[in-house]
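Trainee: Provided below are the primary sequence and the corresponding predicted coordinates.
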Amino acid sequence: FRIRNDVARDAPRPVLEGNIDYDCVRGVVSGLLVFQESGEFLGAAGRLLGPDADGLHFFDSECCCNEKVIGDAGCELPVSLEVPIRYGHWAIGVFRRGADIPTIETANLSLTESAARTLIDQGHRAFAIFNTIEDKAAHLVVEREGNLYLDGLTDITPEVASILAMHRHALSFDSVTTLTESSARALAEHEGPLYLNGLRELSSELAAILDSHDGIVYLNGLLSVDSRKGLLLAIKGGFDVDNLETLNEETAQVVVETTSGCHISLGVTKITPAVARQLAAREGALSLDYLESLSDAVAAELSKHEGDLSLESVGVLSQHAARSLGRHRGTLSAYLGEAEPTADVAHALADHRGPVTLWVSELSVRAAENLAALQAPLTINGLQLESFEVARALACHVGELRLGSNGITDDVARELSKHRGLLAIDGTGELPEKAAEFLSQHQGDILLQGVDVDQNAAHALIQSECYAALPFVLDQNEPVVEDGTDDD
C-alpha cells in the first residue's frame, strides 16, 4: 500500500520497515524499524482506507494509533502498536510529524460518478475511503474486472445491492455492520465470494437468505449467531467459533460437532446449564475464560468434561460449585477473584484428581492447608505470600508446587524449603541471601523465574544438593563476590 506522507516514499528512505505482522488475538501491529538516518519519527498503525484520487491510502481516524520512535543511523528498533482491527486492511507507516499522519473520518464521503470515473481510469478496484455510493457510480465500478473492495460502505441499500450483485468477481463490504433482509436478498444473487466481515450479529432469517448465495460468504466478524444454518454458513467461510460471545443450544451443538478433539477458547460471558452440558460432552480442551460467573448448575454440568478446563474469569465460587469442579477429571484452571476463597471451597477443590491452577490474591492458613491436600500438581498465581504460616501450610503439599508471588521473605523461604517435590517460584523482587540459604535445603528441584538472584544467593542454591534452575547461567567455579560489585 502507498500511504500518503509515509517516509517509505522518500528517496532515500530514512527508515526501513520489516517483519510486519498483526496479532489478531492481542490486537497488536508489530514490526522492525531499521534507521538509515538518525532522528525522531512517529510510527503509526491502523485500519487502512483508500485509495484516494491520487492512488494514496489513509488511516481510519477511529482505528489508528501512533508512538514516537527515536534511533541512530544503523540501529534496529522493534515496535508494537496496540490497535484492534476487526476487519479490513491494516498497515504500519513511519512519519516525520504528527500532522503528516494521514487520517480521515469515515463519515460523509460519497463515491460520486465523477470520482468513480477518475479512480477507474487510474486502474483502482479499492474504494474503501467512501462510506456511501451513488447509483451511477455503482453502475461504473461493477463493470471493473477483478475483485471489488467497497470496505468503507457502512450501509447498502437494496437498490445499490442489486447493482453491485451483477459484479462477476469478489465483493467486499467489511464496514457494513447491519444488513436488511432486502439488501441481503439482492446480494444473494451475486455469483462469487462475498465479504461481510463487519456484521456482528446474524439472525436466523438473514442466515437463511445468505445461505442461498452461490459461493462463499465471509462472516469473520460475527459475535452472535442465532441458528445452526447461520453458524455453519460462517464456518464455511473460515469463521473461528472462539469469537462468539453468545451461544444457544442450537449453535452450541454446531461448535461441538465442528471442533471435536480441538482446543477451543470461547468468548462467551454467560452460558445456560444446557449449553454447558453440550460443551462438556465434547472431546478436547475447553477454555471459557470470559465467563463472568459460575452458577452451581453450570458448574455441575462442566464437571462432566474430561480434559483441560479453563475458567479464568469466574471469580467467587460457591461451595457447591467448587464441589462440582472437584469432581472434574483433567487439568483445571480457575480465577477466584480478589476475595479470599473460603476453607470449604479450598477443601472441595482439593478433591480434584488432576493438576490445578488457581489465581488468588490471599489465602487463609486453613484454606492453604486444604489446598495442600491436593494429590496432583498445584499452581497458585497472584498470591501475596507474606505469611510464613500460609507458606508452612502450602509446603505440606506433596509433589509439584508452583507459586506466582511478588517477593519471598526469609521466613517464607524457611517454610517452603520443607516442601518435597519440584518447587517453582515465579515472581518479581529480590531473593535475599538468607532466603536462598533456606531454599538450598529444599529436598527437590527448584525453579526460579522472574526473581532477582545475586551471586551470593545463587551460589548458595547452586552448591546445594537440589537442582536449582536460575534465571541466568552461573559458573559454579566463579568466586563469590563479597563487596557486592560485579566481577567481570
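Mentor: On my side now, so go ahead.
Trainee: Tell me where the stretch 251-400 of the chain has strands.
Mentor: With strands called from DSSP state E, counting those that start in this stretch, the stretch 251-400 of the chain shows them at 264-265, 286-287, 309-311, 332-335, 356-359, 378-383.
Trainee: Same list, these, but as JSON lines with mean neighbour count and distance to Asn5 please.
Mentor: In this view, the C-beta of every residue, glycine as well, is placed from N, C-alpha and C. As requested, the strands of the stretch 251-400 of the chain are arranged in JSON lines below (neighbours: other C-beta atoms under 10 Å; distance: least, C-beta to C-beta, whole Å):
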{"stretch": "strand 264-265", "mean neighbour count": "18", "distance to Asn5": "39"}
{"stretch": "strand 286-287", "mean neighbour count": "21", "distance to Asn5": "43"}
{"stretch": "strand 309-311", "mean neighbour count": "22", "distance to Asn5": "45"}
{"stretch": "strand 332-335", "mean neighbour count": "22", "distance to Asn5": "45"}
{"stretch": "strand 356-359", "mean neighbour count": "20", "distance to Asn5": "46"}
{"stretch": "strand 378-383", "mean neighbour count": "20", "distance to Asn5": "45"}
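Trainee: Adding distance to Val412, write the ones you listed out as TSV.
Mentor: Listed next are these as TSV, based on distance: least, C-beta to C-beta, whole Å:
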stretch	distance to Val412
strand 264-265	34
strand 286-287	32
strand 309-311	28
strand 332-335	23
strand 356-359	18
strand 378-383	11
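Trainee: could those strands be laid out in JSON lines, adding mean pLDDT?
Mentor: Below are the strands of the stretch 251-400 of the chain laid out as JSON lines (pLDDT from 0 to 100):
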{"stretch": "strand 264-265", "mean pLDDT": "92"}
{"stretch": "strand 286-287", "mean pLDDT": "96"}
{"stretch": "strand 309-311", "mean pLDDT": "96"}
{"stretch": "strand 332-335", "mean pLDDT": "95"}
{"stretch": "strand 356-359", "mean pLDDT": "96"}
{"stretch": "strand 378-383", "mean pLDDT": "93"}
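Trainee: Could you say which one of those comes nearest to Leu32?
Mentor: strand 264-265 (28.9 Å; C-beta to C-beta).
Trainee: Which secondary structure elements does the closest one sit against?
Mentor: Applying 3 or more C-beta pairs under 8 Å, 6 or more residues apart in numbering; DSSP states H and E, one finds that strand 264-265 makes contact with strand 286-287.
Trainee: Just checking: what are the partner strands of the strand it packs on?
Mentor: strand 264-265 (parallel), strand 309-311 (parallel) (DSSP bridges).
Trainee: tally of neighbours for Pro12?
Mentor: Burial of Pro12 is recorded as 8 neighbouring residues (other C-beta atoms under 10 Å).
Trainee: For Gly74, see how far away it is.
Mentor: 14 Å (C-beta to C-beta, to the nearest Å).
Trainee: what comes into contact with stretch 31-40?
Mentor: With C-beta atoms under 8 Å, 6 or more residues apart in numbering as the test, stretch 31-40 has contacts from 12-21, 43, 68-79, 92, 94, 96.
Trainee: and that stretch, which residues are buried?
Mentor: Gly31, Leu33, Val34, Phe35 (16 or more other C-beta atoms under 10 Å).
Trainee: tell me which of these is nearest to Arg117?
Mentor: Gly31 (36.5 Å).
Trainee: Could you list the paired strands of the one helix or strand that closest one maps to along with their orientation?
Mentor: Taking DSSP states H and E as the criterion, Gly31 maps to strand 28-35. In the sheet, strand 28-35 lines up against strand 15-23 (antiparallel), strand 76-82 (antiparallel) (DSSP bridges).
Trainee: ok, Ala395 - contacts?
Mentor: The neighbours of Ala395, taking C-beta under 8 Å, 6+ apart as the test, are Ala372, Leu401, Glu415, Leu416, Ser417, Lys418, His419.
Trainee: Which residue is the nearest non-sequential neighbour of it?
Mentor: Closest residue to Ala395 apart from its sequence neighbours, by C-beta to C-beta, 6 or more residues apart in numbering: His419 at 4.1 Å.
Trainee: and that neighbour, how many neighbours does it have?
Mentor: Here the number of neighbours of His419 (other C-beta under 10 Å) works out to 25.
Trainee: go on, the one 4 residues further on?
Mentor: Close neighbours of Leu423, defined as other C-beta under 10 Å, add up to 25.
Trainee: Run through the residues that contact it.
Mentor: Leu401, Leu403, Leu416, Leu439, His442, Gly444, Asp445, Ile446, Leu447 are the contacts of Leu423 under C-beta under 8 Å, 6+ apart.
Trainee: So the residue nearest to the fifth one when sequence neighbours are not counted versus Gly43, what's the distance?
Mentor: Leaving aside its sequence neighbours, His442 sits nearest to Ser417 (C-beta to C-beta, 6+ apart; 4.6 Å). Distance of Ser417 to Gly43, given as C-beta to C-beta: 48 Å.
Trainee: Can you point out the buried residues in stretch 324-343?
Mentor: Buried residues in stretch 324-343, counted by 16+ other C-beta under 10 Å: 324-326, 328, 331-337, 340-343.
Trainee: Tell me the one of those nearest Pro84?
Mentor: Tyr335 (22.6 Å).
Trainee: these two touch, right, that closest one and Leu311?
Mentor: Yes. At 7.0 Å, Tyr335 and Leu311 qualify as touching, with contact defined as C-beta atoms under 8 Å.
Trainee: Low-confidence regions, the stretch 201-350 of the chain specifically.
Mentor: Filtered on pLDDT under 70, the stretch 201-350 of the chain yields no residues whatsoever.
Trainee: hmm, try it at 90
Mentor: Scanning the stretch 201-350 of the chain for pLDDT under 90 picks out 214, 243, 260-261, 283, 315-316, 336-340.
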